[in-house]
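S.K.: Only the shape, not the letters, is given here:
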């Protein structure tokens, strides 16, 4: 029976995501609040050039001066402004030797989130090449044009042989984990550049056959605990390591038949999302190692990158099928899919996305309303209210409720709380 | 139950609100009763009689309409007017679901992607294509004959016995010898059933299902191909995936055909099935007297024109087969740790009108 009706996706909430591809382009995908639910490409940054293909991307997701870092195939780490795509700095990560990038390309990248306001440092990143050379570098604001790096920079060898495929930095940004083909998962202290812990491969099976370690993806499980590590293998296993207790995995679960290529953690501290080389996306509860369910859609190519939105219950995934897909984590339904033409390598979500001018206005209105509400409270306490002012506040109040009805998901708790704090401070000053 | 069905069927054309039944009954009294459908008749003989009658009427109506159309066309031709628009039949293909992955000719990223992909060196004629053909481990039945014909189709192809080597070893071997593609014919129960095309040195790998294989000797009036480099026809590879598959197939063949050879190899994509045909063509100047006596019905049109006419004739020179893409893998053959660019999954088959190539 031919299908005559079109299945409507429920549509995704306002969202901004940046996807990088093998031609070195960075595409900005936005789902506006109005009309809701249709994600579209709004901007494309860069010129197509395969030698500058992006291998990894990382976003320091902050309210004030956010920075996007991309590692390119030619060994250059670029820092960009994620709001308008301006290149802030381009640093050769490996060092002065130009031949390095061809034989030892960059594999992973992490841009540190912690931010010192009013400092000369634009951003600090940790990058690792495939042969296991890890670098921590800071980029200065002033001499952005030159390749000079300032601040704390260090480098160390993660391993002697093998190929690094994963690295992850914990939420406190003092520990990093590495792993790869022929490299067991190991944990490093970034400040002292020393190895803290390394895993031990599981015992051989009933035939006494060992499998070589080949880790393809990994992440720290909890926000406040750097001791729990989730690592996924090429041998389609999801493993949970507890560095405090033992060197062998605590939990090891098989998932289907193809290598797991991407993993992302959930802020709730026990759920992980994994994506495989055949385009299967699933979520696991790592407390018991149980498969919660698969994300069923028309995902037909290997998944390279998964990101969880820090606040909204949704994830974005991208990969070789050149689609950026947005999924609901609760219902596991696809919300939106955007075709981005090339094989995609990484995706990041900008969680401080303000849709448009309208939105900023509404937040301003919000703030003013809150201020007035507080004023009103004070007045109530004093019990001398003037009718005119009350009417005025009521009017504004109505507006506010209308705005809230219209975009219920747009309000950000963080922003709001900050706004209120500021206001309260002002009040105190007054 | 019959009544219920009847009501259900009739609802769309009367479309009364279901509440006012009495009004509807009154309304029906002064109207002519609806014609009885054959499915409502319980007697089988009467039912089939009725059905035959209806069918006859329908056919007659259709014929009548066709005749009217014909006459209108003839009239307009006589008057020298624009002939009325020909009706286009609605097919699954031309009612295809809209697809955003279809390539556009003005897409700069597409061209940049083409310049960066794995086939670029061969297609820009920097490297001459060199193809290694091998089989699965047990090759018998029509397999060897098929490979023999495939080697005549693909110039600069070399057959290597599979032996007991792993495919990964063969890929390594072919890389060392400077091959640009590796074709593996898989045989099951003495019948070729799959084709694996691996682009060397670093992928991609396409896995096709092979069906409807007809060898040369089973084709009537077949020709024997020459050793000229063939021309290549790739039809309907529209989407990004199709474009990639098309380029992959293109990179097997040399990019400078010998037009003297008049040999054409066609890969025609229709509804995700890729039809392979191999022809030799000839342009002939024919006396129409001889042409009209020819068995071919096509040349009967030339009866009205007395002068000589150039016609094109095709002669098929096998083999003939159909391919269907199962997977496209990133990199060379690797079943355990391979990443796929495209895998056919059952949950994609929700519509007959969606195609991926």
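M.R.: Yep, it's here. This one's a predicted model, so the numbers in the text were calculated from it and none came from an experiment. Residues are numbered from 1 along each chain as shown, chains lettered A, B, ... in the order given.

S.K.: Now for whichever residue of the stretch 201-350 of chain B sits closest to chain A: which residues touch it?
M.R.: Proximity of the stretch 201-350 of chain B to chain A (Cβ to the nearest Cβ) peaks at residue B:339, 3.8 Å away. From N, CA and C alone the C-beta is placed, and that goes for glycine too. When the contact criterion is Cβ atoms under 8 Å, 6 or more residues apart in numbering or on different chains, the partners of residue B:339 are A:259, A:261, A:277, A:302, A:320, B:329, B:330, B:331.

S.K.: Return the subset of these lying in strands.
M.R.: A:261, B:329, B:330 (DSSP state E).

S.K.: In this structure residue B:311 contacts residue B:283, no?
M.R.: Yes: between residue B:311 and residue B:283 there is a contact at 7.4 Å, judged by Cβ atoms under 8 Å.

S.K.: For residue B:120, give me its contacts.
M.R.: Residues near residue B:120 by Cβ under 8 Å, 6+ apart: residue B:114.

S.K.: Roughly how far does the residue in the stretch 201-350 of chain A that chain B sits nearest to sit from residue A:322?
M.R.: Relative to chain B, the nearest point of the stretch 201-350 of chain A is residue A:302 (3.8 Å; Cβ to the nearest Cβ). Remark: distance between residue A:302 and residue A:322 (Cβ to Cβ, to the nearest Å) = 11 Å.

S.K.: Neighbour count for those two, which is higher?
M.R.: Remark: of residue A:302 and residue A:322, residue A:302 carries more neighbours, 27 against 24, as counted by other Cβ atoms under 10 Å in any protein chain shown.

S.K.: There's contact between the more buried one and residue A:260 in this structure, I believe.
M.R.: No: at 10.4 Å, residue A:302 does not count as touching residue A:260 under the criterion of Cβ under 8 Å.

S.K.: Common neighbours of these two, please.
M.R.: Jointly contacting residue A:302 and residue A:260 under the rule Cβ under 8 Å, 6+ apart are A:275, A:276, A:277.

S.K.: what would those look like in CSV with pLDDT and distance to chain B?
M.R.: Compiled in CSV, these are given as follows (pLDDT from 0 to 100; distance: Cβ to the nearest Cβ, whole Å):
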residue, pLDDT, distance to chain B
A:275, 94, 11
A:276, 94, 9
A:277, 93, 4
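
S.K.: The nearest residue to residue A:221 once chain neighbours are set aside: what's it in contact with?
M.R.: Once flanking residues are discounted, residue A:221 sits nearest to residue A:228: 4.0 Å by Cβ to Cβ, 6 or more residues apart in numbering or on different chains. If you count contacts by Cβ under 8 Å, 6+ apart, residue A:228 has them with A:220, A:221, A:222, A:240, A:241, A:242, A:243, A:286.

S.K.: Pull the number of nearby residues for the second one.
M.R.: The reference is to residue A:221. Around residue A:221 sit 22 other residues, with neighbours defined as other Cβ under 10 Å.

S.K.: So it is in contact with residue A:266, correct?
M.R.: No: if you go by Cβ under 8 Å, residue A:221 and residue A:266 don't touch, sitting 9.2 Å apart.

S.K.: what touches both of the two?
M.R.: Joint contacts of residue A:221 and residue A:266 (Cβ under 8 Å, 6+ apart) are residue A:272.

S.K.: ok, back up a step: can you pull up the bridge partners for the residue of the stretch 201-350 of chain B closest to chain A?
M.R.: Applying DSSP bridges to residue B:339 gives these bridge partners: residue B:330.

S.K.: Would you check how far apart residue B:43 and residue B:55 are?
M.R.: With Cβ to Cβ as the criterion, residue B:43 and residue B:55 are 18 Å apart.

S.K.: for residue B:164, same thing?
M.R.: For residue B:164, the distance to residue B:55 - Cβ to Cβ - is 62 Å.

S.K.: Neighbour count: those two, which is higher?
M.R.: residue B:55 (11 against 6).

S.K.: Which residues belonging to whichever strand or helix holds that one are considered buried?
M.R.: If you go by DSSP states H and E, residue B:55 is part of helix B:44-79. By neighbour count with 16 or more other Cβ atoms under 10 Å in any protein chain shown, helix B:44-79 contains the buried residues residue B:50.

S.K.: Stretch A:61-79 too?
M.R.: Buried residues in stretch A:61-79, counted by 16+ other Cβ under 10 Å: A:61, A:66-79.

S.K.: again with stretch A:236-247
M.R.: Neighbour counts over stretch A:236-247 (16+ other Cβ under 10 Å) mark A:236, A:237, A:238, A:239, A:240, A:241, A:242, A:243 as buried.

S.K.: Tell me the residues of chain B that contact chain A?
M.R.: Residues of chain B lying close to chain A by Cβ under 8 Å from any Cβ of the partner chain are B:92, B:100-101, B:107-110, B:112-113, B:115-116, B:240, B:330, B:336-345, B:347-348, B:350-353.
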